[in-house]
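[1] Got a predicted model here, sequence first, then my questions.
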Amino acid sequence: MEKILITGAGGYIGSNAVYAFLQKGFEVVGIDNFSKGYRQPLELLQQKFGKDQFRFYEYDLLTDLSQLFQQEKHIDATIHYAAFCDVNESMQEPQKYFANNVAGSKNLFSHLIKANSPSVIFSSTCAVYGQAQYVPVDENHPIQPLSPYGASKRIVEEMLEWYGKRELLQYVILRYFNVTGASDDGLIGDSKKPSSLLIPNVIRGALGIASFSLTYSPVDTKDYSPVRDFINVVDLNTVHLKALDYLEKTGKNQIINVGTGTGCSVLQIVKMVEKLTGVTIALEKAMPRRGEIPVMIAKNDKAQHLLHWQPEHSLEDSLRSLITWYQKRPEGWQS
C-alpha cells in the first residue's frame, strides 16, 4: 500500500481527493490548517476507512513540519492542494496569497527534500496563462498571470522546475481549469461559505439556501457572459491518480492542462441549473469580480496522450451531483 501525503485535505478538492485515493487503496495522510477547509469530511472519511488507512493532522505549511515527518515516515508522494484560490480576494490581499501559497510551498518542499520524499503532484491553475491569446489553451501558451493568485501559482511552478533541474524533486504540475461537482455518491461536496464560485452559488440560489447574484462585467462572448471550461472533481482526481502512476513509472517532470476542452458561459450554466431544479433564478447583479478573463478553455491533448485520460462526466453530471450534495447538506460542512 502506497503512502500519500495530501495537503489542503479539508478543502473542496482536497477532501474529494482523500476520498478518491482511499477508494483506490492508498494509505493517506492529510494535513490542513483549517482556515478554509473543514474537519468534518475528514472525520467522516476516517470513520469510513479507519485510522490505519487514513490519518489527518492540523498543520500550517508556514510552520515547522518536522514532527509530521517524524510521525509519518516513508511518504511515497505528496499531492499538494493547499492554497488560497480566490482570484478576487487575491487582488485585494496579495500579501496573503504570496505568504500562504509561495512561502508555504517553499517550506513544504524543503521538508520533502529532507525526508527524501521527492515525488510531487502540484495543484496549479490556468490562471497562470492570464488573458487567453487563443483557445483552446495549450501548455505552450504565454504565461502572463493577471492576478496575485495566478502569479503565486506560477512562482511555485518555477520553484518545482528548479528543484527538478537540481534533481531534488520530481513533479507533475497540473494546471486546472474550473472544477465543479461532488463525489458521485454525493458524500463529499463543496462547502465554501461564502463561495466565489459560480456553480455552487447558482445551485444554492436555486435551492433557496442563499441569495444569488451575477458578479461579472459584460465581455466579448456570444451572450456577453464569461465562458469557462468546467471539469468534474472526480475526473480531476482521476488525473491525479494517473499523474502519480506516470511519475512513478517514468520519473519525467511534466506540466499538463486539466480541462474538458469545451466551454460553457455563465448564463448557460444558470439555464442548466434552472432546468435541473425546475426553479427560475432571479438574475440580480452584484459588484463585479476583479481579474476575470472572458474565455478560458483547455486543450487537453497532452493529458490524453501522456496520462491516457479523458473526462468521463458531463457538465450535467457535475451539476446533478452538486445539487444532490446541497440537498443532503444545505449548510455544507460545519466548522
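    Nice, I can see it.
[2] how close does the residue nearest to residue 283 when sequence neighbours are not counted sit to residue 206?
    Once flanking residues are discounted, residue 283 sits nearest to residue 214: 5.8 Å by C-beta to C-beta, 6 or more residues apart in numbering. C-beta coordinates here come from the backbone N, C-alpha and C atoms, glycine included. Residue 214 sits 14 Å away from residue 206 when distances are taken as C-beta to C-beta, to the nearest Å.
[3] overlap in contacts of these two?
    By C-beta atoms under 8 Å, 6 or more residues apart in numbering, residue 214 and residue 206 have no common neighbours.
[4] quick one: residue 309 and residue 239 touch, right?
    Yes: taking C-beta atoms under 8 Å as the definition, residue 309 is a contact partner of residue 239 at 5.5 Å.
[5] Of those two, which one has the most company?
    residue 239 (23 against 20; other C-beta atoms under 10 Å).
[6] Please identify the buried residues of the helix or strand hosting that one?
    Here residue 239, judged by DSSP states H and E, is contained in helix 233-250. By 16 or more other C-beta atoms under 10 Å, the buried positions in helix 233-250 come out as 233-244, 246-247.
[7] Return the member of those residues nearest to residue 325.
    Of all those, the one with the least separation from residue 325 (C-beta to C-beta) is residue 233, at 10.5 Å.
[8] so who does the closest one touch?
    12, 13, 16, 179, 180, 181, 182, 183, 318.
[9] What residues sit buried inside stretch 260-275?
    Under 16+ other C-beta under 10 Å, the buried positions of stretch 260-275 are 260, 261, 262, 263, 264, 265, 266, 267, 269, 270, 272, 273.
[10] can you list contacts of it?
    135-136, 177, 198-199, 202-203, 206, 214, 216, 221-223, 225-231, 279-281, 283, 295-300, 311, 315-316, 319, 323.
[11] can you do 6 Å?
    Applying C-beta atoms under 6 Å, 6 or more residues apart in numbering, the external contacts of stretch 260-275 come out as 136, 202-203, 206, 223, 225-227, 229, 231, 280-281, 297-298, 300, 311.
[12] Tell me which two of those sit farthest apart.
    Once C-beta to C-beta is applied, the contacts of stretch 260-275 give 280 and 300 as the farthest pair, at 34.2 Å.
[13] neighbour-wise, which of those two wins?
    Ranked by neighbour count (other C-beta under 10 Å), residue 280 and residue 300 place residue 300 first, with 27 against 9.
[14] for that one, what are its contacts?
    Residue 300 touches 257, 259, 261, counting by C-beta under 6 Å, 6+ apart.
[15] got it, and residue 126?
    Residues near residue 126 by C-beta under 6 Å, 6+ apart: 175, 177, 296.
[16] which residues touch the nearest residue to the second one once chain neighbours are set aside?
    Once its chain neighbours are removed from consideration, residue 177 has its nearest residue in residue 259; the separation is 3.6 Å (C-beta to C-beta, 6+ apart). Remark: with contacts taken as C-beta under 6 Å, 6+ apart, residue 259 is in contact with 177, 229, 231, 298, 300.
[17] and the helix or strand of the chain with the lowest mean pLDDT, which strands flank it?
    Least confident element among the helices and strands of the chain, by mean pLDDT, DSSP states H and E: strand 284-285 (a mean of 74). Next to strand 284-285 in the sheet, as set by DSSP bridges, lie strand 213-214 (parallel).
[18] Give me the next element, helix or strand, following the partner strand.
    strand 227-228.
[19] Run the chain-centre distance for that next one.
    Taking C-alpha atoms, centre = their mean, to the nearest Å, one finds strand 227-228 lying 17 Å from the centre of the chain it belongs to.
[20] Give me the mean pLDDT for that strand.
    If you average the pLDDT over strand 227-228, you get 94.
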